[in-house]
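*Asks:* What follows is a protein structure lacking sequence information:
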């Protein structure tokens with residue numbers, strides 16, 4: 001990876017914050033956008049802005065072609081079987097809600113079990129809580145070992161004929177650890193359960209192959225992988241999606257309407273009611289092109305290297321504690337930490353004075369953060385444009401913030 005060349009592709013990195021060069025370490029929340037993605041949005045609105053699937057004039061044909069090309073790029077990016085398995089949503093939260101309402105409300109019955117892990121983002125907790133509450137099912141958590149790993153043996157002993165859905169994150173947005181999703185999916189095959197993978201923190205950062213995983217559903221958000229905000233993806237196996245009823249009703253998701261009744265459109269349009277987010281879907285396709293050109297193995301290797309560099313820096317610090325198991329050999333470029341006296345919000349505000357952007361709070365994973373006996377944490381998360389030099393500056397500024405609060 002040519003870091004210098006990559007950094008030139010991101011206009012925002014030239015921004016000054018309080019007179020300092022921006023050091024952006026909040027990538028687990030949202031990534032920055034390369035010029036090619038930004039240009040694709042301008043290009044759509046300036047040159048062929050039109051609705052899709054509905055017109056025969058040149059602008060509509062062009063918009064439809066580019067919109068559907070982007071779907072093919074996403075399909076190729078995660079190695080799905082067919083374009084119809086790629087549903088465009090607003091974000092991963094909406095994707096998970098579609099599964100809960102469209103599949104879950106009709107397939108989860110009284111007394112059934114849904115399994116998730118203690119590592120989940122709120123978006124992979126709350127929809128299942130609501131589904132279990134409404135359908136009188138049971139939400140259960142996959143147990144952990146003493147070292148904090150998923151206990152696959154205990155999990156095997158807990159599942160059975162009543163296990164109908166298993167939904168797990170691929171990589172924790174707080175700890176940066178990879179979960180054994182392939183093993184969990186393999187275990188699930190002994191039950192009637194469908195498997196759901198929250199891949200928001202994995203698809204942008206590492207090679208993800210849905211055929212290899214053999215999951216039933218997988219979701220992620222475009223804005224975390226160099227794409228625009230407001231565009232997400234729900235992948236589902238064709239046969240399962242085809243049996244599911246629509247989630248929203250209206251234009252474009254129908255094939256025929258009378259005054260008395262309606263018939264639904266084919267996949268994927270059955271789940272894309274109304275005018276879609278055309279420009280941002282096109283932008284997501286360009287983001288896929290950008291990442292594919294770099295190579296996802298290269299992206300992952302870079303982030304593992306930078307993440308290890310951060311860990312080594314923190315190990316030399318007093319008064320700071322990294323959340324999670326520090327012995328993990330391979331993890332993403334996400335480090336959450338706390339200070340024994342300074343509140344995370346004060347750390348975040350102090351770092352902002354130096355142009356360093358990190359995340360503070362519970363990171364939409366309140367149960368997990370609170371399990372460490374704290375109410376909030378600070379988090380630094382890296383991406384393809386971050387350098388070791390930036391990490392050095394981050395650590396130096398962190399120590400200056402600590403000195404100030406002393």
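*Replies:* Great, that's in hand. Treat the numbers as computed from the prediction; the structure is a model and nothing was measured.

*Asks:* counting contacts, what elements does the lowest-mean-pLDDT helix or strand in the chain pack onto?
*Replies:* Ranked by mean pLDDT, DSSP states H and E, the weakest helix or strand in the chain is strand 254-257, scoring a mean of 90. The helices and strands touching strand 254-257, judged by 3 or more Cβ pairs under 8 Å, 6 or more residues apart in numbering; DSSP states H and E, are strand 262-264. All C-beta spots, glycine's among them, are computed from the backbone N, C-alpha and C.

*Asks:* gap between the strand it packs on and the chain center?
*Replies:* 32 Å (Cα atoms, centre = their mean, to the nearest Å).

*Asks:* Stretch 319-338 too?
*Replies:* The answer for stretch 319-338 is 19 Å, by Cα atoms, centre = their mean.

*Asks:* mean confidence score for that stretch?
*Replies:* For stretch 319-338, mean pLDDT is 86.

*Asks:* End to end on that stretch, go ahead and measure it.
*Replies:* For stretch 319-338, the first-to-last residue distance is 8 Å (Cα to Cα, to the nearest Å).

*Asks:* Where does pLDDT dip in the protein?
*Replies:* Scanning the chain for pLDDT under 70 picks out 327-329.

*Asks:* ok, 50 please
*Replies:* The chain contains no residues with pLDDT under 50.

*Asks:* what residues go with each domain of it?
*Replies:* 3-26+295-405, 48-293 (automatic domain parsing).

*Asks:* Would you mark the buried spots in the least confident helix or strand of the chain?
*Replies:* By neighbour count on 16 or more other Cβ atoms under 10 Å, the buried set for strand 254-257 is residue 254.

*Asks:* just to revisit the earlier point, any idea which of the domains of the chain is most buried?
*Replies:* domain 48-293 (a mean of 19; mean count of other Cβ atoms under 10 Å).

*Asks:* Name the nearest residue to residue 55, sequence neighbours excluded.
*Replies:* residue 61 (7.3 Å; Cβ to Cβ, 6 or more residues apart in numbering).

*Asks:* Equivalent analysis for residue 120, please.
*Replies:* residue 169 (5.6 Å).

*Asks:* Report the beta-bridge partners for that neighbour.
*Replies:* Residues in a beta bridge with residue 169, per DSSP bridges, are residue 198.

*Asks:* Residue 196 versus that one, what's the distance?
*Replies:* 10 Å (Cβ to Cβ, to the nearest Å).

*Asks:* ditto for residue 278
*Replies:* Taking Cβ to Cβ, one finds residue 278 at 27 Å from residue 196.

*Asks:* before we move on, what about residue 129?
*Replies:* 15 Å.

*Asks:* what do you get for residue 171?
*Replies:* Distance of residue 171 to residue 196, computed by Cβ to Cβ: 15 Å.

*Asks:* list residues touching both of residue 169 and residue 196?
*Replies:* Common neighbours of residue 169 and residue 196 (criterion: Cβ atoms under 8 Å, 6 or more residues apart in numbering): residue 124.

*Asks:* Identify the residues contacting the nearest residue to residue 17 once chain neighbours are set aside.
*Replies:* Spatial nearest neighbour of residue 17, excluding adjacent residues (Cβ to Cβ, 6+ apart): residue 355 at 3.7 Å. Neighbour list for residue 355: 16, 17, 18, 19, 20, 21, 22, 23 [criterion: Cβ under 8 Å, 6+ apart].

*Asks:* The second one: what's it in contact with?
*Replies:* With contact taken as Cβ under 8 Å, 6+ apart, residue 17 is in contact with 352, 355, 357.

*Asks:* of those residues, closest to residue 157?
*Replies:* residue 357 (44.4 Å; Cβ to Cβ).

*Asks:* The closest one bridge partners, please.
*Replies:* Beta-bridge partners, per DSSP bridges, of residue 357: residue 24.

*Asks:* Quick check, it in contact with residue 21.
*Replies:* No: judged on Cβ atoms under 8 Å, residue 357 makes no contact with residue 21 at a distance of 11.4 Å.

*Asks:* So residue 113 sits against residue 140, correct?
*Replies:* Yes: between residue 113 and residue 140 there is a contact under Cβ under 8 Å: 5.5 Å.

*Asks:* centre of the chain versus stretch 154-169, how much separation?
*Replies:* Offset of stretch 154-169 from its chain centre (Cα atoms, centre = their mean): 23 Å.

*Asks:* And for stretch 398-406?
*Replies:* 33 Å.

*Asks:* Distance to residue 361 and secondary structure for the contacts of residue 355 - can I get that in JSON lines?
*Replies:* Shown next, in JSON lines, are these (distance: Cβ to Cβ, whole Å; DSSP: H, G, I helix; E, B strand; the rest coil):
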{"residue": "16", "distance to residue 361": "25", "secondary structure": "strand"}
{"residue": "17", "distance to residue 361": "20", "secondary structure": "strand"}
{"residue": "18", "distance to residue 361": "21", "secondary structure": "coil"}
{"residue": "19", "distance to residue 361": "26", "secondary structure": "coil"}
{"residue": "20", "distance to residue 361": "23", "secondary structure": "strand"}
{"residue": "21", "distance to residue 361": "25", "secondary structure": "strand"}
{"residue": "22", "distance to residue 361": "20", "secondary structure": "coil"}
{"residue": "23", "distance to residue 361": "19", "secondary structure": "strand"}
